[in-house]
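Q: Have a look at this prediction, sequence included:
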Number of protein chains: 2
Amino acid sequence: MIKKKKDIRREFIIGEAAKLFKQKGYGGTSMRDLAEQVGLDAASMYHYIKSKDEILQGICFDIANTYVSQLTEIENATQSYSQKLKALVRLHIHLMTTKGPEVSVANNEWKSLSADALTEFKSLRSQYEKRLAALIEAGAEAGEFQQVNTSVALFTLLSAIRWVELWWKPDRGIATEELENSILTILFQGLERK
Amino acid sequence: MIKKKKDIRREFIIGEAAKLFKQKGYGGTSMRDLAEQVGLDAASMYHYIKSKDEILQGICFDIANTYVSQLTEIENATQSYSQKLKALVRLHIHLMTTKGPEVSVANNEWKSLSADALTEFKSLRSQYEKRLAALIEAGAEAGEFQQVNTSVALFTLLSAIRWVELWWKPDRGIATEELENSILTILFQGLERK
């Protein structure tokens, strides 16, 4: 399906907004800053985007829905729990190296969502964490994972990769594959050599 | 050595300030809020503490100096690299469970330090990261650690434990020893069971 010109322009504006929100914070970015960044006057921009709030919702739910649909696909795949969890961690890292500013905004600025959106976002996140915890628990019961506290494993895995969004840039001198492999090795094989 | 009454009161005020900064942010906390929290009028509080900036410096450098002196002690100990790094990660977790608000402020509010203090803090942090990276590299060269990218290992370890400061409370139903052991198992043995 060919995207409409209006949608393409809209997506471009949202992408630029994500960069600005990451750099200056959601609160520190005005619609005027955004119009300047995308090279439109305010009136023309309002043709594509009505408010900062609409943009923030777009970014946060796009990222949240990507995470949820990836998880659903992995849950339904015929794989060991270990393969599932590794694939998922790889997808998390991949999203950070391909959509860094958007992930950053969804991680750090979601508290600024308007009331209804905030409730829905928190619920999506909490469901996601529960399903991920269930996957870890099932893997431990199947004897594939170490017997560690499930919440600790969940938050350690999620937290262990969060720096990527802040640090990784194409010119860091490390390919995304090496980045993913190094992280997967530490989290699943352990840093200590046997 | 017995602490002076004035020092004890001062430490109490700084501890309460850390809780407020964590809860409401450094920018969102006034000296008036703090005076109210510690049950002093503003004039009496100024006898112990002159400014918010002084408090923030106190908290950030107390945490930074604790990290640095722990690292120095570990560097000088007669242990394998693996034992050193594990001991260090354990100390990081321990600091978060015993001085949660202070660690949180040092992690999240250091950008508000005044110019000279900011420069010194960043330099301390960067030196710390370099020494920690050197320890990881030496351990890899000695064959104790997996051959992974050193920066990735450094940031994965530091990031993997940062959630503790946000999540852990004495009533979470997990003892600090189990918390530490679970995290150490994941990071050094790997989540996957061999």
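A: The structure has been received and is ready for your questions.

Q: what about residue A:78, which helix or strand?
A: Using DSSP states H and E, residue A:78 maps to neither a helix nor a strand.

Q: mind checking how far it is from chain B?
A: Distance, residue A:78 to chain B, by C-beta to the nearest C-beta, to the nearest Å: 19 Å. Any C-beta I mention is one placed from the backbone N, CA and C, and that applies to glycine too.

Q: That residue: how many residues sit nearby?
A: Residue A:78: 6 surrounding residues under other C-beta atoms under 10 Å in any protein chain shown.

Q: can you give me phi and psi for it?
A: Dihedral pair for residue A:78: phi -90, psi 90, per degrees, to the nearest 10.

Q: For it, list the residues it contacts.
A: Residue A:78 is in contact with no residue at all, counting by C-beta atoms under 8 Å, 6 or more residues apart in numbering or on different chains.

Q: After the helix or strand of chain A with the lowest mean pLDDT, which helix or strand is next?
A: Every helix and strand in chain A was compared by mean pLDDT, DSSP states H and E; the lowest is helix A:42-46, with a mean of 89. Next helix or strand after helix A:42-46 toward the C-terminus (DSSP H and E): helix A:52-76.

Q: which residues are contacting that following helix?
A: Helix A:52-76 is contacted by residues A:13-14, A:17-18, A:21, A:26, A:29-31, A:34, A:49, A:84, A:87-88, A:91-92, A:95, A:99, A:102-103, A:105-106, A:109-110, A:112-114, A:117, A:120-121, A:124-125, A:127-128, A:131-132, A:135 when judged by C-beta under 8 Å, 6+ apart.

Q: For chain A, what lies in contact range of chain B?
A: Proximity of chain A to chain B (C-beta under 8 Å from any C-beta of the partner chain) is limited to residues A:82, A:85, A:143-146, A:148-149, A:151-153, A:155-164, A:167, A:174, A:178-179, A:181-183, A:185-194.

Q: Report how many residues lie close to residue A:70.
A: Residue A:70: 17 neighbours (other C-beta under 10 Å).

Q: do residue A:72 as well
A: Counted with other C-beta under 10 Å, residue A:72 comes out at 11.

Q: try residue A:51
A: The burial count for residue A:51: 11, using other C-beta under 10 Å.

Q: what's near enough to touch it?
A: Residue A:51 neighbours (C-beta under 8 Å, 6+ apart): residue A:31.

Q: That one and residue A:99: what is the separation?
A: 22 Å (C-beta to C-beta, to the nearest Å).

Q: again, but for residue A:185
A: 24 Å.

Q: Which residue, neighbours along the chain excluded, lies closest to residue A:41?
A: Spatial nearest neighbour of residue A:41, excluding adjacent residues (C-beta to C-beta, 6 or more residues apart in numbering or on different chains): residue A:35 at 6.3 Å.

Q: Helix or strand: which one has that neighbour?
A: Counting by DSSP H and E, the element that carries residue A:35 is helix A:31-38.
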